[in-house]
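Participant: Give me a 3D structure for the following:
(chains A and B)
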Amino acid sequence: GENVEQHPSTLSVQEGDSAVIKCTYSDSASNYFPWYKQELGKGPQLIIDIRSNVGEKKDQRIAVTLNKTAKHFSLHITETQPEDSAVYFCAAILNDMRFGAGTRLTVKP
Amino acid sequence: NAGVMQNPRHLVRRRGQEARLRCSPMKGHSHVYWYRQLPEEGLKFMVYLQKENIIDESGMPKERFSAEFPKEGPSILRIQQVVRGDSAAYFCASSHGQQKETQYFGPGTRLLVL
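Facilitator: Down below sits the predicted model:
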């Protein structure tokens, strides 16, 4: 089955800096890669996704890149704000959705 | 435009009791997924259902756990004879169409087994 690894497990940045979270997946047949943001006590919220026929997607301060050859994809958050602080999960879908272990992002004001 | 609804939000049970967790998908969605999240961990897939059908239960424990999604009403995740190790957050997600993509999550049910 699919195996998703996510790094780093924790990330602390100053407000205004950029944050990058990286994930790798094992099965080249996976074709959909969403990113979720989970705030304390809440369910995961979809923030951006990318399909295997696209290399990059951007939505305001958030962007995701996908390297199919290397089987890795990354989340980029620019101009970080304190409200970006949360746990971020990457996922990959083959037969079912497999999540990375999560990255706890802290943005210091 | 209600999102995915789950209830109860918090559930306390003693060992040996039964836990019933409910999930109402987003309007127009007929595909439901259940996930379990242990503290400080990611989400683990449990089961994927469509109306009246279990499509994939490869992530469900073999015993004590069952799920249904009847023609009418919410999806139910049922845990019989709960043990302390069942304490976790259980999330439901729903999607539209036959692809397992673009899943929207509910707020979760936090189960505590005493």
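Participant: alpha carbons only for contacts and neighbour counts from here, please
Facilitator: Noted.
Participant: Which strands border the worst-scoring helix or strand of chain A on mean pLDDT, and is each parallel or antiparallel?
Facilitator: Sorting the helices and strands of chain A by mean pLDDT, DSSP states H and E puts strand A:97-99 at the bottom, at a mean of 87. Strand pairing for strand A:97-99, using DSSP bridges, gives strand A:86-93 (antiparallel).
Participant: Just after the least confident helix or strand of chain A, pick out the following helix or strand.
Facilitator: Per DSSP states H and E, the first helix or strand lying C-terminal to strand A:97-99 is strand A:103-108.
Participant: helices or strands up against that next one?
Facilitator: strand A:10-14, strand A:86-93 (3 or more Cα pairs under 8 Å, 6 or more residues apart in numbering or on different chains; DSSP states H and E).
Participant: returning to what we had before: now what about the least confident helix or strand of chain A, what contacts it?
Facilitator: A:2, A:3, A:4, A:89, A:90, A:91, A:92, B:42, B:43, B:44, B:45, B:100 (Cα atoms under 8 Å, 6 or more residues apart in numbering or on different chains).
Participant: Which pair in those has the greatest spatial separation?
Facilitator: Using Cα to Cα, the two most remote members of the contacts of strand A:97-99 are B:42 and B:100, lying 18.3 Å apart.
Participant: As a check, name the ranges of all strands in chain A.
Facilitator: A:4-7, A:10-14, A:19-25, A:32-38, A:45-51, A:56-59, A:62-67, A:72-77, A:86-93, A:97-99, A:103-108 (DSSP state E).
Participant: Adding distance to residue B:83, write those out as a markdown table.
Facilitator: What follows is these, written out as a markdown table (distance: least, Cα to Cα, whole Å):
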| stretch | distance to residue B:83 |
| --- | --- |
| strand A:4-7 | 29 |
| strand A:10-14 | 31 |
| strand A:19-25 | 33 |
| strand A:32-38 | 27 |
| strand A:45-51 | 29 |
| strand A:56-59 | 43 |
| strand A:62-67 | 40 |
| strand A:72-77 | 37 |
| strand A:86-93 | 28 |
| strand A:97-99 | 25 |
| strand A:103-108 | 29 |
